[in-house]
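Peer 1: Here is the input, now give the coordinates:
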Amino acid sequence: MHPFKFSLSDTVPRSTHSHLEYDQIIMTDADNGLADKEGNASYRAPRVECSLEDFEILGRAGDGTFSTVIKARYKHDGRVYAVKVVDKYFVNKHKQTHRIVLERNILDRLNDEGIVRLHFTFQDENNLYFVMEYLSGGELFEQIRQRKRLDEASCRFFAAEVVLILEYLKKQHLVHRDLKPENLMLTGDGHVKLVDFGCVRDLTAPKHDESQRRASFVGTSDYVPPETLNNEDITCAADLWGLGCLIFQMLTGTPPFRDGSEYLTYQKIANIEFSFPDEFPPAAKDLVNRLLLEEAQSRIGASDLEELKRHDFFDGVSWETIRQSSPPEWIHSKASDEQEHAKELDWELKSMANPFDRRP
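Peer 2: You can find the predicted model right below:
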């Protein structure tokens, strides 16, 4: 057996689908002619037999610790996807197999317009491939970076859509644990979707499950909640802390606790040490103050997200129709020169599929 091989199989029990209302699913990828290679009909995103040869590489979309995300066209249907390429060797080396399997099964079970869709998966000897919805609007982070900061109306719109995402995750008993502008992508029409479920916490998982240790240290330093630093239980309120950091960053251009090193950042988080610029909108200031509280269950919305939705900052938001409404003005992501980069990336990514022996 190949030393790097593991399978995205039923490692996580299929009973985790119990939270998903299957009668609300309009279409699965099986309806497009893609069937699970082992005939398991419980997968909404089937595991299929294919390879990188079935894709035309168009560009690089992002990078992670164990993965590279590429933009690619699937030759069999002509559609463009975001393909997350996960290196089995490094996943095994760092003992992260359980997280990858969990991420795959969680994405398979989620069905919400505010969350990136997993279409299908496949694997070869060295890599796992998550074939996902391609979001052409780019990261919310880029909107903040290019504009320096967002105006209050734009911040309100994006924050409201994030609240709806958190509302859905709470119903699924999930904590994302890495809510940040880089993990919020814009669709082609300017609405936000949450991506990257590598840090997700399933609150229904058994306590002894290695992948679900309650206070395991995951996430990004600028957005880590105090309960993680204090080795306390993680709840859905951890994502409310992330929302507070996100609103602050959208309106100022920088996260509230950022400092010169991770250690100093953690010190500021532990002491809830941050300050608002003079021009910070009053309603937003009150909301952020009520989200960035050390005691998780004291955060606004921790008990009932309706309390959060009723806050003055969200006055005027039509929660029932916001996802169908026109977003505020936003900067469209510039299309990369696909022809210029395709050849180089095609070679690079094909070499990832058939690398030299990387074993020590």
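Peer 1: Which of the helices or strands spans Phe122?
Peer 2: strand 118-123 (DSSP states H and E).
Peer 1: How far does the helix or strand that that strand is followed by sit from its chain's centre?
Peer 2: Remark: after strand 118-123, the chain's next helix or strand is strand 127-133, criterion DSSP H and E. Taking CA atoms, centre = their mean, to the nearest Å, the mean C-alpha location of strand 127-133 is offset from the chain mean by 14 Å.
Peer 1: What's the mean pLDDT across the next helix or strand along the chain from strand 127-133?
Peer 2: The helix or strand immediately downstream of strand 127-133 is strand 138-139, counting by DSSP H and E. Strand 138-139 carries an average pLDDT of 94.
Peer 1: related to what we said a few turns ago, may I see the buried residues of the strand holding Phe122?
Peer 2: Leu118, His119, Phe120, Thr121, Phe122, Gln123 (16 or more other CB atoms under 10 Å). Heads up, the C-betas are built off the backbone N, CA and C, glycines and all.
Peer 1: Around the residue nearest to Arg117 when sequence neighbours are not counted, count how many other residues there are.
Peer 2: Nearest residue to Arg117, sequence neighbours excluded (CB to CB, 6 or more residues apart in numbering): Glu133, at 4.3 Å. Residues lying near Glu133 (other CB atoms under 10 Å) number 17.
Peer 1: can I see the domain layout of this protein?
Peer 2: 14-136+336-353, 138-324 (automatic domain parsing).
Peer 1: could I get these as CSV with distance to Trp330?
Peer 2: Shown next, in CSV, are the domains of the chain (distance: least, CB to CB, whole Å):
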stretch, distance to Trp330
domain 14-136+336-353, 12
domain 138-324, 5
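Peer 1: Least reliable of those by average pLDDT, please.
Peer 2: Among the domains of the chain, domain 14-136+336-353 carries the lowest mean pLDDT (a mean of 79).
Peer 1: all helices for this structure, in order.
Peer 2: 88-93, 97-109, 140-147, 152-171, 226-229, 237-252, 262-270, 282-291, 305-309, 338-353 (DSSP state H).
Peer 1: So for Thr321, which of these sits nearest?
Peer 2: Closest approach to Thr321 among the helices of the chain is made by helix 152-171 (11.1 Å; CB to CB).
Peer 1: The closest one - contacts with which helices or strands?
Peer 2: strand 192-194, helix 237-252, helix 305-309 (3 or more CB pairs under 8 Å, 6 or more residues apart in numbering; DSSP states H and E).
Peer 1: Please tabulate those in a markdown table and include mean neighbour count and distance to Thr204 as additional columns.
Peer 2: Below are the helices and strands packed on helix 152-171 laid out as a markdown table (neighbours: other CB atoms under 10 Å; distance: least, CB to CB, whole Å):
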| stretch | mean neighbour count | distance to Thr204 |
| --- | --- | --- |
| strand 192-194 | 23 | 19 |
| helix 237-252 | 25 | 16 |
| helix 305-309 | 16 | 19 |
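Peer 1: Would you mind saying which of the ones you listed lies nearest Ala82?
Peer 2: Using CB to CB, those put strand 192-194 closest to Ala82, at 11.0 Å.
Peer 1: count of neighbours near the closest residue to Ser221 other than its chain neighbours?
Peer 2: Using CB to CB, 6+ apart and skipping the chain neighbours, the partner closest in space to Ser221 is Glu262 (4.6 Å). Neighbour count for Glu262, taken as other CB under 10 Å: 12.
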